[in-house]
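In: Structure for this input, please:
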Amino acid sequence: MAKKSTPPVTALPADESRGNEITIEQRATEGLSLGTLVRRKFFRHKVAVAALFVLGFIVLVAFTSVGTVVGGSGRLVADPETGRLAVDGFRIAGWWKYNWYESYALVNPGGAPTLTLWPFAIGEHPFGQDTTGKDIFARVMRGTQQSITVIVLVGVLSTVIGTTIGATAGYFRGKVDSLLMRGTDVILIIPLLVLGAVLGRSVGGNTIALGILLGLIAWPLLARLVRAEFLALREREFVDAARVAGAKDGRIIFRHILPNTVGVIIVNATLLMSAAILIETSLSFLGFGVKTPDISLGQIISEYQGAFNTRPWLFWWPGLFIIIIALAINFVGDGLRDAFDPRQKGMPNLRPLRKQASDLVRGWVAGSRRERDTTSLRQ
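Out: Reported below is the predicted structural model:
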């Protein structure tokens, strides 16, 4: 009786196998730019995409519902045509029929919200009214406008200043690094809330001035992170090649090193923006931020803090919007971090690998059948 033998399984050489693995992993990204790869990775992060849509929806509703005011002093003045109070400046009207500074007749007892989930109805004042009849929806939307304005200003200014100082210190090192980092340490050891409270009183509660002020003092942590990235990247081979080719320092910084730190910069900028809304809220709650006749989310909570037990809806809505905006910005930052991190690779295309494994299995089964048939005939 002939001894059964296992048919040989043909395997790929080690070098060829590694080459096929590289091809499979890189096939999905072949010929794509860095921006396209980052965008694809970001849109695979479902939580970050959902947070981006939520944040965009809040911004759209806030700036279109009650309108906005451009320029002017921001104070209430008498409209010469109607005789009613109006905000000084160029007013862009919104689609909501109530504003945030006028009082209206109470619809529900105590100003309770007219919004109901079942049966669903919005009513005249969905977020309710205070005791003077002011519409809480209009006030929350205006407060959201002010908070978002502060967020954008802080994000832009702190990112520009922190990136410039960190890049300069990390690239040139020596005395320049020591001078810039010692100044950064001085600002870093002072609590941001305390420094903002001291300086915030001097700007008079103006939203744009408050955003600029916070942006001028919120950059030290980002500067240190960018400096650390530049210290590591300036020793890489591509920087030495650029120097040998005759590239000047400015070109090396902005064209060769800075693009490799974009991930760190963008992610930390989103973290600064999410912290900015909490800082602005805290300053307004303490009376050092936005002041009347304008309003912010923190100021709404501060104004109605005595009515927490009797009319809690005055706190629900501004607090809810603060939490949603902060969480949305953090989730977007998480998605950007994963998108810019080269270690976060997308799933490779496994179809060729699966087909190869399937062919090997089929070949092994067919060889086994031929071996059994040959053995039967010999018997």
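
In: What pLDDT is listed against Val150?
Out: Val150 carries a pLDDT value of 90.

In: who does the helix or strand where it lies touch, helix- and strand-wise?
Out: Secondary structure from DSSP states H and E places Val150 in helix 136-172. On a contact count with 3 or more C-beta pairs under 8 Å, 6 or more residues apart in numbering; DSSP states H and E, helix 136-172 meets helix 46-65, helix 174-188, helix 207-217, helix 220-233, helix 262-286, helix 297-303, helix 313-340. All C-beta spots, glycine's among them, are computed from the backbone N, C-alpha and C.

In: Show me what the last one is packed up against.
Out: For helix 313-340, the contact count by 3+ C-beta pairs under 8 Å, 6+ apart identifies helix 34-44, helix 46-65, helix 136-172, helix 262-286, helix 297-303 as packing neighbours.

In: what comes into contact with the last one?
Out: In other words, helix 297-303. If you take C-beta atoms under 8 Å, 6 or more residues apart in numbering as the criterion, helix 297-303 is touched by 139-140, 143-144, 146-147, 277, 280-287, 289-292, 314-315, 318-319, 321-322.

In: Produce a ChimeraX select command limited to the buried residues of these.
Out: Selecting only the buried entries of those in ChimeraX, with 16 or more other C-beta atoms under 10 Å as the criterion:
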select :139,140,143,144,146,147,277,280,281,282,283,284,285,289,290,291,314,318,319,321,322
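
In: which intervals of the stretch 1-150 of the chain have sub-threshold pLDDT?
Out: 1-34, 72-74 (pLDDT under 70).

In: Phe137 contacts Phe127, doesn't it?
Out: Yes. Between Phe137 and Phe127 there is a contact at 4.1 Å, judged by C-beta atoms under 8 Å.

In: anything in contact with each of the two?
Out: In terms of C-beta under 8 Å, 6+ apart, Phe137 and Phe127 are both contacted by the residues Trp317.

In: and the gap between Arg84 and Ile295?
Out: Arg84 sits 18 Å away from Ile295, going by C-beta to C-beta, to the nearest Å.

In: So which of those two has more stuff around it?
Out: Neighbours per residue (other C-beta atoms under 10 Å) separate Arg84 from Ile295, with Ile295 holding more: 25 against 10.

In: Now do the phi/psi pair for the more buried one.
Out: Main-chain torsions, Ile295, degrees, to the nearest 10: phi -150, psi 150.

In: Tell me how many other residues surround the closest residue to Gly319 other than its chain neighbours.
Out: Closest residue to Gly319 apart from its sequence neighbours, by C-beta to C-beta, 6 or more residues apart in numbering: Ile301 at 6.6 Å. As a burial measure, Ile301 scores 20 neighbours (other C-beta under 10 Å).

In: Likewise for Arg255?
Out: For Arg255, the neighbour count with other C-beta under 10 Å is 11.

In: Just want the phi and psi numbers for it.
Out: Per degrees, to the nearest 10, the backbone of Arg255 is at phi -100, psi -20.

In: And stretch 114-130, what's buried?
Out: Neighbour count says stretch 114-130 has Thr114, His125, Phe127, Gly128, Gln129, Asp130 buried, by 16+ other C-beta under 10 Å.

In: With secondary structure and distance to Leu272 as added columns, please give those residues in a markdown table.
Out: What follows is those, written out as a markdown table (DSSP: H, G, I helix; E, B strand; the rest coil; distance: C-beta to C-beta, whole Å):
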| residue | secondary structure | distance to Leu272 |
| --- | --- | --- |
| Thr114 | coil | 38 |
| His125 | coil | 35 |
| Phe127 | coil | 29 |
| Gly128 | coil | 33 |
| Gln129 | strand | 35 |
| Asp130 | coil | 33 |
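
In: Quick check: the farthest pair among the residues you listed?
Out: Within these, two members stand farthest from each other by C-beta to C-beta: Thr114 and Asp130, at 14.1 Å.

In: which one of the helices and strands packed on helix 136-172 is the most hemmed in?
Out: Greatest average neighbour count among the helices and strands packed on helix 136-172 goes to helix 297-303 (a mean of 23), per mean count of other C-beta atoms under 10 Å.

In: now that one: how far from the chain's centre is it?
Out: Relative to the chain's own centre, helix 297-303 is displaced by 24 Å; criterion: C-alpha atoms, centre = their mean, to the nearest Å.

In: any idea of the mean pLDDT in it?
Out: With pLDDT averaged residue by residue, helix 297-303 scores 87.

In: Using CSV, list the CA coordinates for that helix.
Out: The C-alpha coordinates for helix 297-303 follow below in CSV (Å, rounded to 0.1, in the frame of the first residue of the first chain):
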residue,chain,number,x,y,z
LEU,A,297,-23.2,82.3,27.3
GLY,A,298,-21.2,82.7,30.5
GLN,A,299,-22.9,86.0,31.2
ILE,A,300,-26.4,84.4,30.8
ILE,A,301,-25.5,81.8,33.4
SER,A,302,-24.1,84.6,35.7
GLU,A,303,-27.2,86.8,35.2
